[in-house]
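Asker: What follows is a predicted protein model with its sequence.
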Amino acid sequence: MLNAFLRTAVGAGLVLALAACGGEPTESTTGGAAAAGGDTIKVGLLHSLSGTMAISEVTVRDAELLAIEEINAAGGVLGKKLEPVVEDGASDWPTFAEKANKLISQDKVATVFGGWTSASRKAMLPVFERHKALLWYPVQYEGLESSPYIFYTGATTNQQIIPGLDYLKEQGKTKIFLVGSDYVFPRTANKIIKAYAAANGMTILGEEYTPLGHTEYSTLTNKVVQAKPDAVFNTLNGDSNVAFFKQLKSAGVTAESMPVLSVSVAEEEVTGIGVDNIVGHPVAWNYYQTTENAANSKFVAAFKAKYGDAKVTSDPMEAGYNAVYLWAEAVKKAGTVEVEAVKKASGGIALERPEGLVTIDGETQHMYKTARIGIIQPDGLIKEVWNSGEPIKPDPYLKSYPWAGSLAS
């Protein structure tokens, strides 16, 4: 069943994660006092700054550093300045586990903000659970998980993938081809997509996976073209998207003839892919640089002022930026960085963020988030064409969907 599949899919990453943190769960090795000693509070930032995922993760690190800088400028947390300790997960699952263990055990950080791929999160999860330490994970994911030591600030399935499927269905796109990277998130997402399709009169014409970092897509694009789908649902991650969209365009595919809906391509990736190769295609997220509200105007201006006017903002980095503020708010409410107190204080915390109102669901440690569908424009930005109207309650196990009943077993 799916839980067994997830364990198998992560494979060596989980095994090495457990090895890195010493095996069986124990009590916390950090504690609030160590993390908040002196005049600073150490916090960990753990993202891929090299390798295939760097195209996506560097900007998340940058956004978290901006949040730390802003919080420090406003007086810090509990009268102390935040001190970032930055590590490189190097697009490698076991490295994420190793670096997470280092941040907790050696650097004694109060919390960690990090990860992108679900494989990296699955590899880190036993490390955080063993140490009873907190990870704030900023990226949309496949759901079917809820760890007491992870806060999920990106979307879960009912806040991104299902709205994306609803959009395709409303557009009359009922024949779908699935393309994804070969790891946990795409394979699990596609199990959910196939269950949705069976319940909603949609047909899956094909399902193909390639390794992370893969660059040869001529054979796959030929399969897609020959299948003649109404649309493609794309769960490729990292710089594989560059090769895929270039080769899809070379095969004569356009957004008008065969829209490719992506859930891991945001403004940062559009720049790397080349806007001419992806213009007009739809994406499903919870935030765009063009999202209209005062908080976002301030955020975009601050990010560009720090990193350059050519830089763009995007959903995962906004969720990482939010994570730092949400943790800081929970710490202020708790009056300590002690993990259990922060967890207890976090439920119900609501902040106006660049994406709109974000509220922590205390039961699942996921966020209430507004779903948005957008179309990639010739200038590389994304124009919103639909939103859910209000934040959606997180439902990571899809309990409110009868067709999803067997997925979590």
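Answerer: The structure has been received and is ready for your questions. Numbers count the residues shown, from 1 in each chain.
Asker: all helices of the stretch 201-350 of the chain, in order?
Answerer: Using DSSP state H, counting those that start in this stretch, the helices of the stretch 201-350 of the chain run over residues 218-227, 240-250, 267-273, 275-278, 294-307, 315-334, 339-346.
Asker: Return the per-residue confidence for Val224.
Answerer: pLDDT for Val224: 97.
Asker: and if you look at Ser406?
Answerer: pLDDT, read off for Ser406, is 85.
Asker: Name the SS class of it, please.
Answerer: Assigned state for Ser406: coil (three-state reduction, DSSP: H, G, I helix; E, B strand; the rest coil).
Asker: how many neighbours does it have?
Answerer: Using other C-beta atoms under 10 Å, the number of residues around Ser406 comes to 10. The way it works is simple: take the backbone N, C-alpha and C, and place the C-beta from them, glycine included.
Asker: and the helices of the stretch 201-350 of the chain as CSV, adding mean neighbour count and distance to Leu398?
Answerer: Shown next, in CSV, are those (neighbours: other C-beta atoms under 10 Å; distance: least, C-beta to C-beta, whole Å):
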stretch, mean neighbour count, distance to Leu398
helix 218-227, 16, 27
helix 240-250, 21, 26
helix 267-273, 22, 27
helix 275-278, 17, 29
helix 294-307, 16, 29
helix 315-334, 25, 21
helix 339-346, 18, 23
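Asker: nearest to Gly115, of those?
Answerer: Checking the helices of the stretch 201-350 of the chain against Gly115 by C-beta to C-beta gives helix 315-334 as the closest, at 9.7 Å.
Asker: Report all helices and strands that that closest one contacts.
Answerer: In terms of contacts (3 or more C-beta pairs under 8 Å, 6 or more residues apart in numbering; DSSP states H and E), helix 315-334 is packed against helix 54-73, strand 112-114, strand 135-137, strand 150-152, helix 339-346, strand 350-353, strand 356-361.
Asker: Please identify which of the helices of the stretch 201-350 of the chain is closest to Lys369.
Answerer: Of the helices of the stretch 201-350 of the chain, nearest to Lys369 by C-beta to C-beta is helix 315-334, at 8.6 Å.
Asker: Grab the nearest non-local neighbour of Leu261.
Answerer: Spatial nearest neighbour of Leu261, chain neighbours left out: Pro282 (4.7 Å); criterion: C-beta to C-beta, 6 or more residues apart in numbering.
Asker: how close does the one you found sit to Trp116?
Answerer: Pro282 is 21 Å from Trp116, where distance means C-beta to C-beta, to the nearest Å.
Asker: Mind checking which of the two has more residues around it?
Answerer: Remark: of Pro282 and Trp116, Trp116 carries more neighbours, 28 against 24, as counted by other C-beta under 10 Å.
Asker: From Ala328, how far off is the more buried one?
Answerer: Distance from Trp116 to Ala328, by C-beta to C-beta: 22 Å.
Asker: pLDDT wise, what is Glu355 at?
Answerer: 98.
Asker: Let me know whether the residue nearest to Leu261 touches Arg372 as I believe.
Answerer: No - between Pro282 and Arg372 there is no contact under C-beta atoms under 8 Å: 10.8 Å.
Asker: before we move on, the earlier item: identify, out of the helices and strands packed on helix 315-334, the most deeply packed stretch.
Answerer: strand 112-114 (a mean of 29; mean count of other C-beta atoms under 10 Å).
Asker: Domain boundaries for the chain, per the record?
Answerer: The chain breaks down into these domains under automatic domain parsing: 12-156+301-368, 158-286+371-404.
Asker: Would you mind finding the most buried of these?
Answerer: For those, average neighbour numbers computed from mean count of other C-beta under 10 Å are highest in domain 12-156+301-368, which has a mean of 21.
Asker: where does that domain sit relative to the chain's centre, distance-wise?
Answerer: Put simply, domain 12-156+301-368 sits 12 Å off its chain's centre (C-alpha atoms, centre = their mean, to the nearest Å).
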